[in-house]
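Q: Just the structure for this:
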Amino acid sequence: MTGLELHPIVAAAALGQLPAWACVRPERMPHLESVAGLLSRWAEALGLDERDRQRWAAAGRLHDCLRDADPQLLSTDAGDYPAKVRHGPAAAARLEAEGVNDEELAEAIRYHTLGRPGWGKLGRFLFMADYLEETREFDSDERADLRARMPLEHEAVMRVVCARRIAWRLDDGASLHPLTVELWNELVEGT
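A: Below is the predicted model of the structure:
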């Protein structure tokens, strides 16, 4: 496999086939397809090459590929993360263990729920697509407006999406993960 060839797991995910070890309930599949669809459209609108468009579609399908696994069973793959977000780090670890050598893809999947400062474009766009995708029922008018601004106004939309995710946590009386706070600070400071 050359540096230009996609790993077979990534190539298969780009076409809609999840790895055998994925743990996804059938009712979650529309979410994965919707996120992959958004990422594919955005990648095309940004003029990304075919290989990157495939990587982006794969990220949309792989980001929640362990979402329905028991979080306690994911603890060794996911490090020290809250149970609700272990699926991302565990999926990234599993992909790396399977030989997927794509740091940007792994980082996007690993932190898609929390966010992280210094993220590449794929990570930021996955973070937004996961929130903005069409099958989610909350704040549908605002999210449709934000989707319509993508990808042209992605920096402004990223700030709104991050703010909404933080507001959810605060409304629930939950703590904020330090990576999320660092991402927010990076967004508002414009670095």
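Q: By mean pLDDT, flag the weakest helix or strand of this structure.
A: Least confident helix or strand of the chain, by mean pLDDT, DSSP states H and E, is helix 75-78 with a mean of 60.
Q: contacting residues around the helix or strand just after that helix?
A: Sequence order places helix 87-97 as the next helix or strand after helix 75-78, per DSSP states H and E. Here helix 87-97 makes contact (C-beta atoms under 8 Å, 6 or more residues apart in numbering) with 9, 19, 21, 62-67, 69, 71, 74, 77-79, 81, 105-107, 109-114. Yep, even glycine has a C-beta here, placed from its N, CA and C like the rest.
Q: before we move on, what about stretch 14-21?
A: 6, 9, 12-13, 24, 33, 36, 54-55, 57-58, 61-62, 65, 94, 98.
Q: Show me the two of those that sit farthest apart.
A: Glu33 and Glu98 (22.1 Å; C-beta to C-beta).
Q: more crowded one of those two?
A: Neighbour tally, Glu33 and Glu98, criterion other C-beta atoms under 10 Å: the higher count belongs to Glu33, 17 against 13.
Q: pretty sure that one is touching Arg61, no?
A: Yes - between Glu33 and Arg61 a contact is recorded at 7.4 Å, counting by C-beta atoms under 8 Å.
Q: how about low-confidence regions in this structure?
A: 1-3, 75-79, 191 (pLDDT under 70).
Q: Tell me which stretches of it form strands.
A: Remark: no strands are assigned in the chain by DSSP state E.
Q: residue ranges for the helices of it, please.
A: Counting by DSSP state H, one finds helices in the chain at the ranges 8-14, 29-45, 50-62, 75-78, 87-97, 103-110, 121-132, 140-148, 154-171, 178-189.
Q: Now the buried members of the contacts of helix 87-97.
A: The neighbour-count criterion (16 or more other C-beta atoms under 10 Å) marks 9, 19, 62-67, 69, 71, 74, 77-78, 81, 105-107, 109-114 among these as buried.
Q: Quick check: closest non-adjacent residue to Leu122.
A: Sequence neighbours aside, Ala108 is the residue nearest to Leu122 in space, at 4.5 Å (criterion: C-beta to C-beta, 6 or more residues apart in numbering).
Q: From Glu134, how far out is the one you found?
A: Look at Ala108 and Glu134: by C-beta to C-beta, to the nearest Å, they are 20 Å apart.
Q: Out of these two, name the residue with the larger neighbour count.
A: Ala108 (29 against 16).
Q: My guess is that one contacts Lys121. True?
A: No - the pair Ala108 / Lys121 is not scored as a contact, 9.1 Å apart, by C-beta under 8 Å.
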